[in-house]
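**Q** Sequence and computational prediction follow.
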Amino acid sequence: MLDYVFLVVGFALLIKGADFFVDGSASVARKLRIPGMIIGMTIVAMGTSAPECAVSVAAALKGSNTMAISNVVGSNIFNLMVVCGACAAFAPLPVKESTMKQEFPLSILAAVLLWVIGNQSMLIGRTDGLILLGVFAVFLVWMVMEAKKARNQAGEEEIAALKGWQCLLYIIVGLGAIVAGGDFVVDSASAIAASFGLSPTLIGLTIVAFGTSLPELVTSLVAARKGETDMALGNVIGSNIFNILLVLGIAGAVSPMEVLMENLIDDIILIGMSAVVWMFAWRRKQISRFHGVLMLAMYAGYMGYICTR
């Protein structure tokens, strides 16, 4: 019974911790006059991806390496099809041409890179982890350059945000809750999986992936409701890039991870779904309500597949 209690407590800490972290980090970004898409792809994406990072690194340290990979791939599929789909079903998501030509293809390339690395030796070793981190560093430098360019083009008006000490407090408290929550989730989810005879891969793709993606879902829905569609879409794309390059990069550098054939199949599904959503956006320069409902239906089909395979 305690395992279920710790699982709920862990998720609560992850969600609330990510909420504080996003509020504090986004306030800092807004003070620097950084536009919504870049905020979504960097500060907000990093904050909402912190649960995946905490869970996957904790899983790697505890030897639950298959859960680490499953959590990332499962979270990315959830982010794309459920978070983005729910936002589009709520309000159509306009997609800028630059996003379709740059950020979206980059998220697909990250998934392809994961498949290539995993398929070579069925292992994400320390060298592979460093390669992923190196690609992430290049991505981060590019984002910083884009932010500087946008800031130079922006006006001098400062957007209302938290005070400096409040930002720092929110970030510290948020990160602390995220780390503690990630530890609770890994321990309790592994115990529950063992008690039901379920594989860590299935638990990582379902319960843990859903729980660690809740911050992305809540953040993007709130952003879409407030008309910040750039931030909502940027959060999804940025989080998916962060999860593969940063989260698995750190986890692989900490402890080599075995790649199962199921992981490769799920990654191919992620690549395919990403290509489909990209085509949706490319045709009409937006993800419509119909597309959003269709994406949710596709995810339901995927859930049925992984629960019966």
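**A** Thanks, I have it.
**Q** Now do stretch 250-270: everything it contacts.
**A** By C-beta atoms under 8 Å, 6 or more residues apart in numbering, the residues outside stretch 250-270 that reach it are 53, 56-57, 59-61, 63, 65-66, 68-70, 73-74, 76-77, 80, 111, 114-115, 118-119, 122-126, 128-130, 132-133, 201, 205, 248, 302, 306, 309. Quick note: C-beta positions are derived from backbone N, CA and C, even for glycine.
**Q** Mark which of those are buried, thanks.
**A** Among those, the ones that count as buried by 16 or more other C-beta atoms under 10 Å are 53, 56-57, 59-60, 65-66, 68-70, 73-74, 76-77, 80, 111, 114-115, 118, 124, 128-129, 132-133, 201, 205, 248, 302, 306.
**Q** for the one helix or strand residue 112 maps to, packing partners?
**A** Assigned by DSSP states H and E, residue 112 belongs to helix 104-121. Here helix 104-121 touches helix 65-78, helix 126-153, helix 229-242, helix 261-284, going by 3 or more C-beta pairs under 8 Å, 6 or more residues apart in numbering; DSSP states H and E.
**Q** pull the CA atoms of it into PDB?
**A** In PDB, the C-alpha atoms belonging to helix 104-121 read as follows (Å, rounded to 0.1, in the frame of the first residue of the first chain):
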ATOM      1  CA  PHE A 104      10.100  20.300 -35.900                       C
ATOM      2  CA  PRO A 105      12.600  18.500 -38.200                       C
ATOM      3  CA  LEU A 106      15.200  18.800 -35.300                       C
ATOM      4  CA  SER A 107      12.900  16.900 -33.000                       C
ATOM      5  CA  ILE A 108      12.500  14.100 -35.600                       C
ATOM      6  CA  LEU A 109      16.200  14.000 -36.200                       C
ATOM      7  CA  ALA A 110      16.800  13.600 -32.400                       C
ATOM      8  CA  ALA A 111      14.500  10.500 -32.400                       C
ATOM      9  CA  VAL A 112      16.300   9.100 -35.500                       C
ATOM     10  CA  LEU A 113      19.700   9.700 -33.700                       C
ATOM     11  CA  LEU A 114      18.400   7.700 -30.700                       C
ATOM     12  CA  TRP A 115      17.400   4.800 -33.000                       C
ATOM     13  CA  VAL A 116      20.700   4.800 -34.800                       C
ATOM     14  CA  ILE A 117      22.700   4.800 -31.600                       C
ATOM     15  CA  GLY A 118      20.500   2.100 -30.000                       C
ATOM     16  CA  ASN A 119      20.400  -0.100 -33.000                       C
ATOM     17  CA  GLN A 120      24.200  -0.200 -33.400                       C
ATOM     18  CA  SER A 121      25.000  -2.200 -30.200                       C
END
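**Q** What residues sit buried inside that helix?
**A** Within helix 104-121, the residues that count as buried by 16+ other C-beta under 10 Å are 104, 106, 107, 108, 110, 111, 113, 114, 115, 117, 118.
**Q** same deal with stretch 183-195?
**A** Neighbour count says stretch 183-195 has 183, 184, 185, 186, 187, 188, 189, 190, 192, 193 buried, by 16+ other C-beta under 10 Å.
**Q** Equivalent analysis for stretch 227-243, please.
**A** 228-243.
**Q** next one: stretch 194-212
**A** 199-212.
**Q** Just the ones in helices from those residues, please.
**A** When the buried residues of stretch 194-212 are checked against helices (DSSP state H), the matches are 200, 201, 202, 203, 209, 210, 211, 212.
**Q** possible to save these as TSV with distance to residue 224 and pLDDT?
**A** Formatted as TSV, these follow (distance: C-beta to C-beta, whole Å; pLDDT from 0 to 100):
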residue	distance to residue 224	pLDDT
200	33	70
201	32	71
202	30	75
203	30	74
209	21	74
210	19	74
211	21	71
212	20	69
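**Q** In CSV, list those along with distance to residue 25.
**A** Converted to CSV, these look like this (distance: C-beta to C-beta, whole Å):
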residue, distance to residue 25
200, 31
201, 32
202, 33
203, 29
209, 23
210, 23
211, 21
212, 18
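**Q** for the helix or strand where residue 15 lies, packing partners?
**A** In this assignment (DSSP H and E), residue 15 forms part of helix 2-31. Other helices and strands packing on helix 2-31, by 3+ C-beta pairs under 8 Å, 6+ apart, are helix 36-39, helix 45-61, helix 164-196, helix 209-225.
**Q** Going by mean pLDDT, which of these comes out lowest?
**A** Between the helices and strands packed on helix 2-31, the one with the least mean pLDDT is helix 36-39; it has a mean of 67.
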